[in-house]
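Asks: Would you be able to build a 3D model of this:
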Amino acid sequence: MDVNLIETYIKEISNFYKVDKKYFYLILRGVINDINFLRYDLSLIIDRSINELSSIEYVVLLIGTYELKSHYKIPYKVIINEAIELVKSFGNIDGYKYVNKILDKVALNIRNIKFKKIN
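Replies: Take a look at the predicted model:
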């Protein structure tokens with residue numbers, strides 16, 4: 001994957017000036033560098049093949065997993081909420097529900113988060 005090509009394309013997006021560029025590139029490079037580890041982590045959790053996921057769901061799961069593994073200062077709820085909002089904006093109608101379920105499991109495994117069951 002050519003990071004430079006992606007970076008060149010991203011710079012051409014009209015609203016890119018609003019983005020926290022330092023954090024954006026940190027995430028972009030981190031996901032690309034760790035892609036095989038992230039895919040492995042997800043393969044242990046997801047209950048379907050990657051081919052069955054929409055591109056948006058898959059990319060958001062990679063980003064969310066990377067952030068949960070690498071950015072402990074960011075609360076897991078913030079990471080999961082941002083992932084859900086991305087999928088709600090750009091993904092399939094109910095894709096956010098699946099992303100939420102999977103990233104909850106990633107947080108449980110990686111950060112040893114205990115979730116309270118609400119009745």
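
Asks: neighbours around residue 56, how many?
Replies: By other Cβ atoms under 10 Å, the residues close to residue 56 number 17. Where C-beta positions appear, they are placed from N, C-alpha and C, glycine not excepted.

Asks: ok, now residue 99?
Replies: 25.

Asks: count of neighbours near the closest residue in space to it that isn't next to it in sequence?
Replies: What sits nearest to residue 99 in space, not counting adjacent residues and going by Cβ to Cβ, 6 or more residues apart in numbering, is residue 87, at 4.9 Å. A count of nearby residues for residue 87, using other Cβ under 10 Å, gives 25.

Asks: again, but for the one 3 residues further on
Replies: Other residues lying near residue 90 total 14 when counted by other Cβ under 10 Å.

Asks: To which secondary structure element is the residue nearest to residue 99 assigned?
Replies: helix 76-90 (DSSP states H and E).

Asks: Show me what secondary structure element comes after that helix.
Replies: Following helix 76-90 in sequence, per DSSP H and E, is helix 95-111.

Asks: which other helices and strands contact the lowest-mean-pLDDT helix or strand in the chain?
Replies: Using mean pLDDT, DSSP states H and E, helix 3-11 stands out as the lowest-scoring helix or strand of the chain, at a mean of 77. Here helix 3-11 touches helix 21-33, going by 3 or more Cβ pairs under 8 Å, 6 or more residues apart in numbering; DSSP states H and E.

Asks: Show me what secondary structure element comes after the helix it packs on.
Replies: Downstream of helix 21-33 (by DSSP H and E), the next one is helix 35-43.
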